[in-house]
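**Student:** kindly return the folded structure for what I paste below:
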Amino acid sequence: MIAIINYEAGNLASVANAFKRLDEPYVVTDDIEKLDAANGIIFPGVGHAQPAMQSLQKNELDTWLKQTQKPVLGICLGMQLLFESSEEGDSKGLGIIPGRLKKFDSSKAKVPHMGWNTFHNVSNHPIAKNLNKKEYFYYVHSFYAPLNDFTVASCNYIQDFSAIVARDNFIGVQFHPEKSGKVGSLLLQNFLQYVHNPK
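**Tutor:** This is a model prediction of the structure:
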């Protein structure tokens, strides 16, 4: 069973539909007991970092997320909130991955970065199995995670940034796999394989 965290900042319907297409049982919830009962966690997110963090804190989901040993996949804002902080409203994140989100320089190109893009580099990790630099994923974001020790795949728009990050049981993707067609489904299947067969 996959649990999709409901914290009033998520692209819940499209993420739920993606797991329905994969025939994977799921629940959309903010109930910590149900999260504890799940095998893997989807941490979706769209919108602004600061109210999203406040919504997590309201239900103590921030504390739960920082302590869980379950596989967690953060999507878009969900990935960004895994970091320590963001220039977006000078907000704090969960601090699971070191670093600070930065805003794209709108004097160099249109912001947000919106549309299809490929990986610039991709390294060996279970979440990136069978993915390569030729495949396109769908992005919508104005803030980005700089490259760091936990970058699994990078993308380039104005500059290189982290497209996939991973630290221990936490994985984050800047793009929207649930809106990225077959290749997005492949990434979600990689996550499910990681959840159900971690070795």
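**Student:** top strand in this protein by residue count?
**Tutor:** Counting residues, the longest strand found in the chain (DSSP state E) is strand 159-167.
**Student:** what's that one in contact with?
**Tutor:** The contact list for strand 159-167, computed with Cβ atoms under 8 Å, 6 or more residues apart in numbering, reads 79, 82, 96-97, 119-120, 122, 125, 127-128, 137, 144-148, 150-155, 171-175. From N, CA and C alone the C-beta is placed, and that goes for glycine too.
**Student:** pull out the buried positions in it.
**Tutor:** Taking 16 or more other Cβ atoms under 10 Å as the neighbour-count basis, strand 159-167 is seen to contain the buried residues 161, 162, 163, 164, 165, 166.
**Student:** only the buried subset of the contacts of strand 159-167, as a ChimeraX command please.
**Tutor:** For anyone working in ChimeraX, the buried entries among the contacts of strand 159-167, judged by 16+ other Cβ under 10 Å, can be selected with:
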select :79,82,96,97,119,122,125,127,128,137,144,145,147,150,151,152,153,154,155,171,172,173,174,175
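**Student:** which members of the contacts of strand 159-167 occur in strands, if any?
**Tutor:** Counted as lying in strands by DSSP E, out of these, are 97, 119-120, 122, 137, 144, 151-155, 171-173.
**Student:** and stretch 48-58, what's buried?
**Tutor:** 48, 49, 52, 53, 55, 56.
**Student:** which residues does that stretch contact?
**Tutor:** For stretch 48-58, contacts defined as Cβ under 8 Å, 6+ apart pick out 7-9, 45, 62, 65, 77, 80-81, 86, 88-89, 91-93, 101, 143.
**Student:** out of those, which are buried?
**Tutor:** With neighbours counted by 16+ other Cβ under 10 Å, the contacts of stretch 48-58 contain buried members at 7, 9, 45, 62, 65, 77, 80-81, 86, 88, 91-93, 101, 143.
**Student:** can you tell me which of those are in strands?
**Tutor:** With strands identified by DSSP E, the entries of the buried ones among the contacts of stretch 48-58 that belong to them are 86, 101, 143.
**Student:** could those be laid out in CSV, adding pLDDT?
**Tutor:** Written out in CSV, the entries for those read as follows (pLDDT from 0 to 100):
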residue, pLDDT
86, 94
101, 97
143, 97
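**Student:** what is the mean pLDDT for the longest helix along the chain?
**Tutor:** Under DSSP state H, the helix in the chain containing the largest number of residues is helix 181-196. The average pLDDT for helix 181-196 rounds to 97.
**Student:** with just CA atoms, put it into PDB.
**Tutor:** The C-alpha atoms that make up helix 181-196 are tabulated as PDB, following Å, rounded to 0.1, in the frame of the first residue of the first chain:
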ATOM      1  CA  GLY A 181       3.600   9.800 -19.700                       C
ATOM      2  CA  LYS A 182       5.300   6.500 -20.100                       C
ATOM      3  CA  VAL A 183       8.600   7.600 -18.800                       C
ATOM      4  CA  GLY A 184       7.000   9.100 -15.700                       C
ATOM      5  CA  SER A 185       5.200   5.700 -15.100                       C
ATOM      6  CA  LEU A 186       8.600   4.000 -15.400                       C
ATOM      7  CA  LEU A 187      10.000   6.200 -12.700                       C
ATOM      8  CA  LEU A 188       7.000   5.500 -10.400                       C
ATOM      9  CA  GLN A 189       7.500   1.800 -11.100                       C
ATOM     10  CA  ASN A 190      11.100   2.100 -10.100                       C
ATOM     11  CA  PHE A 191      10.000   3.600  -6.800                       C
ATOM     12  CA  LEU A 192       7.400   0.800  -6.300                       C
ATOM     13  CA  GLN A 193      10.200  -1.700  -6.900                       C
ATOM     14  CA  TYR A 194      12.400   0.100  -4.400                       C
ATOM     15  CA  VAL A 195       9.500   0.000  -1.900                       C
ATOM     16  CA  HIS A 196       8.500  -3.600  -2.300                       C
END
